[in-house]
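Chemist: quick one: sequence and predicted model below, then my questions.
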Amino acid sequence: MALTQDDVRGIADYARIALTEEELEEMCAYMNEAIEMLQPIREYDLTGVEPTFHPIGDLSNVMAGDEANANGRSLDLDVALFNAAAKQDRTFRVPSILGDEGGDR
Amino acid sequence: MMASFEELSAVQIAAGVASGEFTATQVAQASLDAIADREQEVQAFLQVSEDLALQAAARTDELRAKGAKLGPLAGVPIAFKDNMHLVGTRTTCASRMLEDYESVFTATCVQRMLDAGATPMGKANMDEFAFGSSTETSAFHRTNNPWDTERVPGGSSGGSAAAVAAGEVALSLGSDTGGSIRQPAGFCGVVGMKPTYGAVSRYGVVAFGSSLDQVGPFGRSVADVALAMNALVAGGRDPLDSTSQEVAPNFLDGLEDSVEGMRVGIMPALMEHEALTPEMREGLVSARDALEAEGAQIVEVELPNMDSVIAAYYVIGPSEAFSNLARFDGVRYGYQEPGCATLAEQTALSRAHGFGSEAKRRQMLGAYLLASGVYDKYYYPAQQVRTLITQDYRNAFERCDAIMLPSSPTSAWRFGEVSDPTQMYASDLFTISSNIAGNGGVSVPIGLGSQSGLPIAAQLQGPAFEDRKLLRVARALERGIEAAGLFSPGTVAPDYAHRGGELA
């Protein structure tokens, strides 16, 4: 079943990309075309086939020790803040995420 | 000695600097002159790092003056795709999102080239966040194919391929998630290699598809690509990338050895594929003949699940891209929409205005595919198909040492000629299977198309972690093609040969 513009609006909201009405229309057409291209994936009999999520098996996540600068790669404060558009003292500055007006979803 | 800089291979430059025939500073200046002369027409670079280049070259010359041993890339001018961090440059990924982003650390692949003595000339243009096959999605400007400036250089590593083809640099690095090194190499008439996944560290390279991305070199000959591969793996396993594997830096060893008795697989159905232009089919026949003339035995192989690679790739790639690009929220770095009342609004508008159309499309597709209820229909089956494709390769490589494929269905197209996104995706047909399975591939020029007069290329793929043997077959193909008078290693695009960039 084809995606509607309302479906695509919902996906854009989830993906945190504010699309204009015009973009929504284009995106809807694109997504339906792209999904059509993916159909061969659904036509396979894949019973009993194990998935391969990664070309190199047997990998596990590497965790650093729970201590400051455990791996010696921590950025200095001024470097870490250098590319931020809004900052205050030692922190990244963001709009309010609390309250009726500021509530994040 | 007076020589035109672009006539020299990376191997010759490193040898000339080591022997004192010329200095690294002279080479850097010649590269800067070549860039100044050609860049207006080619537009391969997003940033030229003149100061860094001259400083690095001066350090190389000082080392030599002190009698220290020089690295294998001493004085070799190199360009880096602009998704690779290098302190002292911006890393923009050709996106408004990162227009002002200054690198705060240096990628391992970049550092290893510098450690080998290479001279960093700058950052090369690309499709935005590597989403594309023509470099037309760059937010800043197009890059022109040096063989015909009305045509695309391919992509996504189009700037890296064009800079080498135009003789602005001797080497460059690109990244390949679905063909983004091999296809532009083919379009621009240079050699480009995607090593086996895990051979080269991805630390410090902005991620697109984490199970698919791999960094690799461009050069004007197989030998230069082998030299660059040595430098990329010489530091051993990189602890900063958990997928990084130990690979021996022996890509030049036995490179010239005969391929007598080795077997190269071809898929008859693919050699006659309907998407291939007639000149591409003719070219592949010449390539097969050249390999046979070099002593290789041609055998027929099959990859039965090849018809599903586009579908599997355009599930896995966008899903991983959506996950990776979620980090661009405009808070720690990247474009931030001013005057927003809430964080949610700031995030959604920063992403809406920072990303270009194709970056939005890929993320939207990925967001959909990973949604609950949809995941089981596409993402999981795509990973099962990946198992089948990997098995196909395993079976095929029991019968041969390398497989020959086209690197793309056509030669370089005109700007705007392929404008429909899904039509553009289909052009990745012959390259993406090795990103899905992880094994290495290399694109080698095999001549000029009989209709277009533009470079055409063959792609060779090998078993995982047998990239050294793969380069040996690539070298045999290059040698056979040269012997047949079809294309010579070292070729610079004709309009840019012997034009500025003199090495005094």
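Modeler: Arrived safely.
Chemist: point me to the residue of chain A nearest chain B.
Modeler: Per CB to the nearest CB, residue A:55 is where chain A lies closest to chain B, at 2.8 Å. C-beta coordinates here come from the backbone N, C-alpha and C atoms, glycine included.
Chemist: that residue: neighbour count?
Modeler: Residue A:55 has 22 neighbouring residues, counting by other CB atoms under 10 Å in any protein chain shown.
Chemist: let me know whether it touches residue B:199 as I believe.
Modeler: No: the pair residue A:55 / residue B:199 is not scored as a contact, 11.1 Å apart, by CB atoms under 8 Å.
Chemist: hang on, residue B:352 is in a strand, isn't it?
Modeler: No: counting by DSSP: H, G, I helix; E, B strand; the rest coil, residue B:352 falls outside a strand, being helix.
Chemist: so where does residue 47 fall, helix or strand?
Modeler: If you meant another chain, say so; for now it's chain A. Here residue A:47 is covered by no helix or strand, with elements defined by DSSP states H and E.
Chemist: you answered for a different chain; I wanted chain B.
Modeler: Per DSSP H and E: strand B:45-48 holds residue B:47.
Chemist: returning to what we had before: how is the residue of chain A closest to chain B assigned, secondary-structure-wise?
Modeler: Once three-state DSSP is applied, residue A:55 turns out coil.
Chemist: contacting residues around the nearest residue to it once chain neighbours are set aside?
Modeler: Closest residue to residue A:55 apart from its sequence neighbours, by CB to CB, 6 or more residues apart in numbering or on different chains: residue B:438 at 2.8 Å. Counting by CB atoms under 8 Å, 6 or more residues apart in numbering or on different chains, residue B:438 makes contact with A:55, A:56, B:196, B:197, B:198, B:390, B:464.
Chemist: export those residues to TSV and tack on distance to residue B:339 and secondary structure?
Modeler: Converted to TSV, those look like this (distance: CB to CB, whole Å; DSSP: H, G, I helix; E, B strand; the rest coil):
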residue	distance to residue B:339	secondary structure
A:55	45	coil
A:56	46	coil
B:196	48	coil
B:197	43	coil
B:198	45	coil
B:390	50	helix
B:464	51	coil
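Chemist: and those, which is closest to residue B:220?
Modeler: Among the contacts of residue B:438, residue B:196 lies closest to residue B:220 (CB to CB), at 22.9 Å.
Chemist: from residue A:97, how far off is that closest one?
Modeler: 44 Å (CB to CB, to the nearest Å).
Chemist: give me the neighbour count for residue 57.
Modeler: Went with chain A since none was named. The number of residues near residue A:57, taken as other CB under 10 Å, comes to 7.
Chemist: not quite, go with chain B.
Modeler: Going by other CB under 10 Å, the residues that sit close to residue B:57 add up to 27.
Chemist: OK, contacts around the residue nearest to the spatial centre of chain A?
Modeler: Among the residues of chain A, the one closest to the centroid is residue A:15, at 6.5 Å (CA atoms, centre = their mean). When contacts are counted by CB under 8 Å, 6+ apart, residue A:15 touches B:322, B:351, B:363, B:364, B:367.
Chemist: okay, residue 20: pLDDT?
Modeler: As the question left the chain open, I've gone with chain A. Listed pLDDT for residue A:20 reads 97.
Chemist: sorry, I should have been clearer: chain B.
Modeler: Reading off the confidence values, residue B:20 has pLDDT 96.
Chemist: just give me the neighbour total for the closest residue to it other than its chain neighbours.
Modeler: Counting by CB to CB, 6+ apart, residue B:64 is the residue found nearest to residue B:20 once chain neighbours are left out, at 7.1 Å. Residue B:64 has 20 neighbours, counted by other CB under 10 Å.
Chemist: that older thread, and the contacts of residue A:15 near chain A, which?
Modeler: For chain A, the contacts drawn from the contacts of residue A:15 by CB under 8 Å from any CB of the partner chain are B:322, B:351, B:363, B:364, B:367.
Chemist: the second one contacts residue B:326, doesn't it?
Modeler: No: Residue B:351 is not in contact with residue B:326 according to CB under 8 Å; the separation is 9.2 Å.
Chemist: give me every residue that touches residue 27.
Modeler: You didn't say which chain, so I picked chain A. With contacts defined as CB under 8 Å, 6+ apart, the neighbours of residue A:27 are A:8, A:12, A:19, B:360, B:361, B:364.
Chemist: nope, chain B
Modeler: B:5, B:13, B:16, B:17, B:57, B:75, B:76, B:77, B:119, B:503.
Chemist: brilliant, that's me finished.
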